[in-house]
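*Asks:* 3D, please:
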Amino acid sequence: MARRRSDAPDDPDRRQSTIKDVAELAGVSLSTVSRVVAGNYPVARATRSRVQRAIEELNYVTNTHARVLGGGSARTVGFIVNDVRGAAFAEAVHGVEQEAARRGHICLVATTDGDPARELAAIQLMREQRAAAVFLIGGATDNAAYRARVADIARSLDASGSRLVLCGRPPLGDGIPVTVVEYDNEGGAYALTSFLVGRGHRRILYVGGDPEFTTTAGRLSGFRRAMGDLGCSVDESLLELGTGFTRESGYARVSARLRGERDFTAVFAETDVIAGGAMAAVFDAGLSVPEDVSIVGYDDIPLAADLRPGLTTVRVPYEELGRAAVRAALDPPAGRADQRQVLGAHVVVRRSADRPGASLGVPAGT
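*Replies:* You can find the predicted model right below:
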């Protein structure tokens, strides 16, 4: 091999290694180094070993833009989420990261705080970085403008050899080159509402978000459908919508309802975090859960089991959602350009819900 450049700290010629340095040290051409780095062209084993040793000796860092221009893959995936602090979709993010790392991909991360402009900028950056797939994780405001914008993004990524993945969002429609991995959002709400009705509740206070938001739309639809199928009318005055997915919003909405005459026997909280606030509001009003008010949530984050009483909720396999999304994107099945997978969700029964005015009558700690 050629003479190695000095790495001494006081070397006046010390600088960041280039692909030319690697080629000289390995005694090969620039194109051979590029092929070894990109992994997109066969190179003799002995030659590949020389190049890899030179890369290690020189501590050479690949230039991503050069790889893109050369047609190589950066072996990255990107995921975009409204807020990484959300307990539920943090699990989905973890699943994406773990499955991507297992396959040798590095994750690029961006948060949007619900701003469509920030989401678009993040997607464009990930496209420039030649990400193998871009994952939009969590719900979104679903309207015609959103669908048109995301459909254009999906086509653009597909044309560049990447893939748009909607993780925890519903599909955009037929013919859009997008991978959708979601959970049975509506079915989970249907099952949870059926649980409450089966225990005698008819006056159920629903506390949730904006009906245009995909998460709220699915859960509210499941609630309405279950009530109708079971012969119960939905009192629109018991729908507390437009709140944020926070403990504070759950506390404020339920506290306000309890200052007047109580006209409900149960609370369907759209998330476990909202349910935690609702439960605190009931306690602060001098009432008990579930003896006076039953409360259920959705997501089954760790908080749900730690509340007292433990929260009846819907279990969503968020980590598996993220892992399945990576598998679907990087190992796509043959066939249609638009692919969809739906994971199941199920009710987890704990002590926070029972018949109106009844006690559970089970040992403490169950």
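*Asks:* Which residue ranges of the chain form helices?
*Replies:* 19-26, 30-38, 45-58, 64-69, 87-102, 116-128, 144-159, 185-198, 214-229, 247-258, 272-284, 302-306, 318-330 (DSSP state H).
*Asks:* Can you say which of those is nearest to residue 264?
*Replies:* With Cβ to Cβ as the criterion, residue 264 lies closest to helix 247-258 of the helices of the chain, at 7.1 Å. Using the backbone N, CA and C atoms, a C-beta is placed for each residue, glycine as well.
*Asks:* Any buried residues in stretch 129-140, and which?
*Replies:* Going by neighbour count (16 or more other Cβ atoms under 10 Å), the buried part of stretch 129-140 is 129, 130, 131, 132, 133, 134, 135, 136, 137, 138, 139, 140.
*Asks:* In terms of mean pLDDT, which of the helices of the chain ranks lowest?
*Replies:* Lowest mean pLDDT within the helices of the chain: helix 64-69, a mean of 44.
*Asks:* In contact with the most centrally placed residue in the chain, which residues are there?
*Replies:* The centroid of the chain falls nearest to residue 137 when counting by Cα atoms, centre = their mean (3.3 Å). Applying Cβ atoms under 8 Å, 6 or more residues apart in numbering, one finds that residue 137 lies in contact with 79, 80, 81, 89, 92, 93, 96, 167, 168, 322.
*Asks:* Between those residues, which sits nearest residue 191?
*Replies:* residue 168 (18.1 Å).
*Asks:* quick one, domains of this structure?
*Replies:* 19-69, 76-184+318-343, 185-316 (automatic domain parsing).
*Asks:* Out of those, which is the most enclosed?
*Replies:* Neighbour counts (mean count of other Cβ atoms under 10 Å) averaged over each of those peak at domain 185-316, with a mean of 20.
*Asks:* was I right about residue 311 contacting residue 305?
*Replies:* Yes: using Cβ atoms under 8 Å, residue 311 is in contact with residue 305, at 7.4 Å.
*Asks:* Overlap in contacts, the two.
*Replies:* Shared contacts of residue 311 and residue 305, defined by Cβ under 8 Å, 6+ apart, comprise residue 350.
*Asks:* Which residue comes closest to residue 190 once chain neighbours are left out?
*Replies:* residue 222 (3.9 Å; Cβ to Cβ, 6 or more residues apart in numbering).
*Asks:* Quick check, the one you found in contact with residue 194.
*Replies:* No: using Cβ under 8 Å, residue 222 is not in contact with residue 194; the gap is 9.4 Å.
*Asks:* returning to that earlier point: residue 295: which of the helices of the chain is closest?
*Replies:* Residue 295 lies closest, by Cβ to Cβ, to one member of those: helix 272-284, at 5.4 Å.
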